[in-house]
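**Student:** Sequence and predicted model, in that order:
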Amino acid sequence: MLDGRDRHIWGVTSALMALIANCHRDAKKRLLGPDDFNPTLTRKERRRNAILITDDNVEIMRDEFKKCFSQLTAVDRQQNF
């Protein structure tokens, strides 16, 4: 659990560091990402590939979002009554 907490804190911190570094970088240099500043990631994790978004993926994500949103609103309704 401590490892997960550390990874989360470093994820947030590294995102802020990347934002600040990109605000002050030379326009001709490459953009820096949070993974460039996160010491908790291994080399393999830093080089992971992003998921290609296709029409099929969008449908799956939309269905999952609707399902989670409906569960959240149902819980919210129960707490208000």
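**Tutor:** Looks like it came in fine. This structure is a prediction, so every number in the text was calculated from the model and none was measured.

**Student:** before we move on, what SS does Leu32 have?
**Tutor:** coil (DSSP: H, G, I helix; E, B strand; the rest coil).

**Student:** Figure out how far the helix or strand bottoming out on mean pLDDT in the chain is from the centre of its chain.
**Tutor:** Least confident helix or strand of the chain, by mean pLDDT, DSSP states H and E, is helix 43-46 with a mean of 70. What separates the centre of helix 43-46 from the centre of its chain is 15 Å, taken as C-alpha atoms, centre = their mean, to the nearest Å.

**Student:** show me the contacts for the residue nearest the centre of the chain.
**Tutor:** Nearest residue to the geometric centre of the chain (C-alpha atoms, centre = their mean): Gly11, 8.5 Å. Each residue near Gly11 by C-beta atoms under 8 Å, 6 or more residues apart in numbering is listed here: 34, 38, 40. C-beta here means a position set from N, CA and C on the backbone, and glycine is covered the same way.

**Student:** which of those tops the neighbour count?
**Tutor:** In terms of neighbour count, Asn38 stands highest of the contacts of Gly11 at 19 neighbours, by other C-beta atoms under 10 Å.
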